[in-house]
Each structure stands twice: as C-alpha cells, then as structure tokens.
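Participant: curious how this folds, go ahead:
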Amino acid sequence: MKGKKSLKEKKIKLFVYHVNEDDPKKCTAKKLHRLGLAQLEKNMKKLPHHMVMLNPFSKKSLSKEDLPVVEKKGLLAIDCSWKNAEDCFWKLEKTSCYKSRALPFLVAVNPVNYGKPFKLTTLEAFASALYILGKTKQADEILSIYKWGPHFLELNKQPLEEYKRAENSREIIKIMKQYI
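Facilitator: Next up, the predicted model:
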C-alpha cells in the first residue's frame with residue numbers, strides 16, 4: 001500500500017514527572033509506565049524540553065492550537081499529591097521550559113475523587129488532553145487499563161466533544177464557562 005496514508009492514528013508521546021507523593025498502589029502514572037504507555041521520570045532535568053505541560057493552574061487552556069507541539073515534542077503531566085499541587089506547579093513553572101496549559105472543566109471518576117471537578121488523576125488528565133487534541137483512540141486505549149477508566153469519557157462526553165471542536169484556548173474557556 002505504497003503512497004496511501006495510514007488510517008492508524010499517530011500516538012502522542014506521554015511523559016510523567018513523578019514526585020512520588022501518592023500511594024504507589026493507586027498511582028495511575030506508574031501503571032501507565034509499567035504498561036509502556038508513558039515514560040516516567042523522577043528527575044525533571046532528564047525530560048525532553050519544549051513539551052506541553054498539563055498544569056491545572058495555567059491561565060491558558062489546552063486546545064487544538066497546541067497539537068503541532070504535542071505531536072512533535074510530547075505531553076507532560078506532573079504526578080504529585082493534590083495537597084501539594086499548587087506549590088509543585090508554581091516551582092516548575094518558574095524553572096521549566098515547557099508550554100503550560102490547563103485542562104477545562106471535567107469531572108473525575110477515579111475512586112479517590114469521584115464526582116469532583118478538576119481533581120483528575122494523571123491518567124484522566126492525559127486522556128482528556130488526548131481527546132481534546134483529537135487523539136480519541138489513544139485516550140480510549142489508556143483509559144482501558146482501569147475498570148473505571150471508560151466511565152470517564154461517558155461522564156464527560158458532552159463537554160469533551162465541545163472542547164474537541166474548539167479552535168483555540170479562548171473558545172475552550174467560553175465553552176467551559178457554560179458548564180461551571
């Protein structure tokens with residue numbers, strides 16, 4: 001089939017900076033790494049530069065505009081405790097060379113934070129980002145590693161579909177305000 005485009009979706013490289021603050025048995029980032037779905041790193045200096053970093057405290061939302069950088073460099077999530085998240089992201093924001101992007105309003109389905117808006121696991125954050133960027137097959141694939149994973153897309157289907165159709169961060173934020 002020379003010359004024909006492959007129907008297979010190009011996978012986004014997923015990277016996790018792991019701070020090692022949570023229960024290892026419940027850590028979605030470690031499971032993603034164990035299954036070869038994400039690269040886990042405990043030393044920030046060893047991570048590739050210029051990726052898009054998912055940061056819940058960023059002023060700009062992830063959108064289709066970020067897709068070229070994400071396809072080329074990858075997507076970075078920080079796995080830390082929600083108790084220390086603001087401090088952790090603030091420190092990283094000051095010293096990093098990453099494009100910081102927040103995820104819009106979504107509701108968690110993980111057993112620890114079920115029903116809480118914005119309190120996503122690393123897995124849910126990656127799946128949300130992938131879905132918004134149009135990489136729905138990869139989002140489905142990573143969510144399938146937990147029984148509760150597919151329910152995340154079911155619960156958030158309508159906003160995720162709208163976010164996916166948005167052209168930029170401003171449109172995403174406008175859509176998000178309808179859900180808050």
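
Participant: OK, contacts around residue 128?
Facilitator: If you count contacts by C-beta atoms under 8 Å, 6 or more residues apart in numbering, residue 128 has them with 103, 106, 120, 139, 156, 160. Glycine gets a C-beta too; all of them are placed from N, C-alpha and C.

Participant: name the SS class of residue 101, please.
Facilitator: strand (DSSP: H, G, I helix; E, B strand; the rest coil).

Participant: lowest average confidence, helix or strand, in this protein?
Facilitator: Lowest on mean pLDDT, DSSP states H and E among the helices and strands of the chain sits helix 85-95, with a mean of 67.

Participant: quick one: average pLDDT of stretch 41-49?
Facilitator: For stretch 41-49, the mean pLDDT works out to 85.

Participant: to clarify, my last question referred to stretch 165-175.
Facilitator: Here the average pLDDT along stretch 165-175 is 96.

Participant: check which helix or strand covers residue 162.
Facilitator: helix 149-165 (DSSP states H and E).

Participant: pull the CA atoms of that helix into PDB?
Facilitator: This file holds the C-alpha atoms of helix 149-165, laid out as PDB (Å, rounded to 0.1, in the frame of the first residue of the first chain):
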ATOM      1  CA  GLY A 149     -11.500   4.400  33.100                       C
ATOM      2  CA  PRO A 150     -14.100   4.200  30.200                       C
ATOM      3  CA  HIS A 151     -16.700   5.800  32.600                       C
ATOM      4  CA  PHE A 152     -14.600   9.000  32.500                       C
ATOM      5  CA  LEU A 153     -15.400   9.500  28.800                       C
ATOM      6  CA  GLU A 154     -19.000   8.600  29.300                       C
ATOM      7  CA  LEU A 155     -19.500  11.100  32.200                       C
ATOM      8  CA  ASN A 156     -17.600  13.900  30.400                       C
ATOM      9  CA  LYS A 157     -18.600  13.100  26.800                       C
ATOM     10  CA  GLN A 158     -20.600  16.200  26.000                       C
ATOM     11  CA  PRO A 159     -18.000  18.800  27.200                       C
ATOM     12  CA  LEU A 160     -15.100  16.800  25.700                       C
ATOM     13  CA  GLU A 161     -16.800  16.700  22.300                       C
ATOM     14  CA  GLU A 162     -17.400  20.500  22.500                       C
ATOM     15  CA  TYR A 163     -13.800  21.100  23.700                       C
ATOM     16  CA  LYS A 164     -12.500  19.000  20.800                       C
ATOM     17  CA  ARG A 165     -14.400  21.100  18.200                       C
END
